[in-house]
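Engineer: Sequence first, predicted coordinates after that:
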Amino acid sequence: MRWLWALCGVVVCLPGPAAAQPAPAGRHVQVGVGVLPSGGLQVGYVALRSFYTQEFVLGADVSPSFGGGEGNVQLSGGLGGAVRIFGFERTLGNAGYRGYDLDVGLRFGPGLLFSFNETRFTKNRRFSLFVDLFARFSSLVGEGRVLYLEVGLHRPVFRGGLWFTF
């Protein structure tokens, strides 16, 4: 949990943009990758509001059996949302968009785990439910594009990618 407080401290100290720009809002398609302890892809839907998000993310990741990995493939679908820390500042304090946001959120949903060397025991444990607490940094990088970097509890732990407006 200390890493979350350290990340919050670093992001709060970052300078804001020179020119005022509106905060990203609306519906976005999320496309990203994840690393450690496995590698994977994410696609999803994110609805950005003034001080919260609503999201649905599908993920697939592989942990190879060589190099100390577990040797499995995980498929998951998470539904949840996040609180936009600087969104409260913009809404209540009438502050401008800093050029970046910090979100703290929660996703939950079903997951399927397929092992490369399945046994009867692993076949019986294929379905699971997960809860993913995460912290996310996002920044506007172009017209209709937002870069995001995320750290969470559900594998893969480090995730990043782009949101595209639609």
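Structural biologist: Thanks, I have the structure now.
Engineer: Give the buried residues for stretch 153-164.
Structural biologist: H154, R155, P156, V157, R159, G160, G161, L162, W163 (16 or more other Cβ atoms under 10 Å). Bear in mind the C-beta positions are built from the backbone N, C-alpha and C, glycine included.
Engineer: got it, and stretch 98-116?
Structural biologist: 98-103, 105-107, 109, 111, 113, 115.
Engineer: JSON lines for those residues, including pLDDT?
Structural biologist: Shown next, in JSON lines, are the buried residues of stretch 98-116 (pLDDT from 0 to 100):
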{"residue": "R98", "pLDDT": "86"}
{"residue": "G99", "pLDDT": "87"}
{"residue": "Y100", "pLDDT": "93"}
{"residue": "D101", "pLDDT": "93"}
{"residue": "L102", "pLDDT": "95"}
{"residue": "D103", "pLDDT": "95"}
{"residue": "G105", "pLDDT": "97"}
{"residue": "L106", "pLDDT": "98"}
{"residue": "R107", "pLDDT": "97"}
{"residue": "G109", "pLDDT": "97"}
{"residue": "G111", "pLDDT": "94"}
{"residue": "L113", "pLDDT": "90"}
{"residue": "S115", "pLDDT": "87"}
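Engineer: Go through those and flag which are in strands.
Structural biologist: Members of the buried residues of stretch 98-116 lying in strands (criterion: DSSP state E): Y100, D101, L102, D103, G105, L106, R107, G109, G111, L113, S115.
Engineer: Now for the closest residue to the first one other than its chain neighbours, how many residues are close by?
Structural biologist: Across the structure, with Cβ to Cβ, 6 or more residues apart in numbering as the measure, the residue nearest Y100 apart from its sequence neighbours is S139 (4.2 Å). S139 has 16 neighbouring residues, counting by other Cβ atoms under 10 Å.
Engineer: can you list the residues that contact the helix or strand where S139 lies?
Structural biologist: Under the criterion of DSSP states H and E, S139 resides in strand 127-142. Here strand 127-142 makes contact (Cβ atoms under 8 Å, 6 or more residues apart in numbering) with 4, 7-8, 11, 21, 23-24, 76, 78, 80, 82, 97, 99-113, 146-154, 162-163.
Engineer: quick revisit: separation between the residue nearest to Y100 and G99?
Structural biologist: For S139, the distance to G99 equals 6 Å [Cβ to Cβ, to the nearest Å].
Engineer: Which residue is most remote from the mean position of the chain?
Structural biologist: Ranking residues of the chain by C-alpha distance from their mean position (Cα atoms, centre = their mean) puts R120 at the top, at 33.1 Å.
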